[in-house]
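# Quick one: sequence and predicted model below, then my questions.
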Amino acid sequence: MALLTFLVTVAVAVVRVRDLFSAAMLFAIYSLLSAGLFAVLDAGDVALTEAAVGAGISTILFLAVLALTGHEERPARGKNRLALTVVVATGACLIYAAGDLPEFGEPGNPPHVHVAPYYIEHAYTDMGVPNMVAAVLASYRSIDTMGEAFVILTAGLGVVALLSVPPRRRRHKHKPGKSEDDS
């Protein structure tokens, strides 16, 4: 419960902070807390990935973008009430729908009853791979794993494309009452 409390606290801090460098550091903290939560839930591979990608690579990319742009958030021109309404309505629907989810860790849940026993019994005979995790990821779920690899590749190409664009030069606005010769 403490990790969830810290996650919510850091998420609120990210939303409220105006300095983008501080927000990037808070995102890194959030990713490390998420990795800790995944480790507590016995998902070590997910925890390791979250720590490496979320806290490591993402933080480096945030800092690279901040070096190209600036550290201060520009004030919003207007409040968009429609967007807020959509977000609140979507959140309410998700919270309502979460009530129909099966209990966490229940042994009678569908993945534990149907899929996992089949993988455990047939992984070696079907695939000939001695490591069960490798058999599941590389054979049974190979299309899913390939899709995830394509998503990561696409995201990486997008980041490279964004970082390769030269930053626009800031235009100095002419202040009324002053000529350009006075400055």
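Done, it's in. Since the model is a prediction, treat every value here as computed from it, not as a measurement.
# how far away is the residue nearest to the spatial centre of the chain from Leu63?
Residue closest to the mean C-alpha point of the chain, counted by C-alpha atoms, centre = their mean, is Gly54 at 6.5 Å. Distance, Gly54 to Leu63, using C-beta to C-beta, to the nearest Å: 14 Å. Using the backbone N, CA and C atoms, a C-beta is placed for each residue, glycine as well.
# Check Leu7 too.
22 Å.
# Please report the distance of Arg141 from Asn80.
Distance from Arg141 to Asn80, by C-beta to C-beta: 40 Å.
# Look at the two and report which has more neighbours.
Each of Arg141 and Asn80 has its neighbours counted (other C-beta atoms under 10 Å); Arg141 has more, 14 against 11.
# ok so, going back, now the residue nearest to the centre of the chain, nearest residue through space, not along the chain?
In this structure, Gly54 finds its nearest non-sequential neighbour in Ser31, 3.0 Å apart by C-beta to C-beta, 6 or more residues apart in numbering.
# helices or strands next to the helix or strand hosting that neighbour in the packing?
Secondary structure assigned from DSSP states H and E places Ser31 in helix 20-40. Contacts defined by 3 or more C-beta pairs under 8 Å, 6 or more residues apart in numbering; DSSP states H and E place helix 20-40 against helix 2-16, helix 44-49, helix 58-68.
# surely Ala64 meets Val160?
No - using C-beta atoms under 8 Å as the test, Ala64 is too far from Val160 to be in contact (10.8 Å).
# Neighbour count: these two, which is higher?
Remark: of Ala64 and Val160, Ala64 carries more neighbours, 13 against 9, as counted by other C-beta under 10 Å.
# Got phi/psi on Arg18?
phi -100, psi -20 (degrees, to the nearest 10).
# Contacts for the longest helix along the chain next, please.
Assignment by DSSP state H gives helix 142-164 as the longest helix of the chain. Applying C-beta atoms under 8 Å, 6 or more residues apart in numbering, the contact partners of helix 142-164 are 61, 64-65, 68, 137-138.
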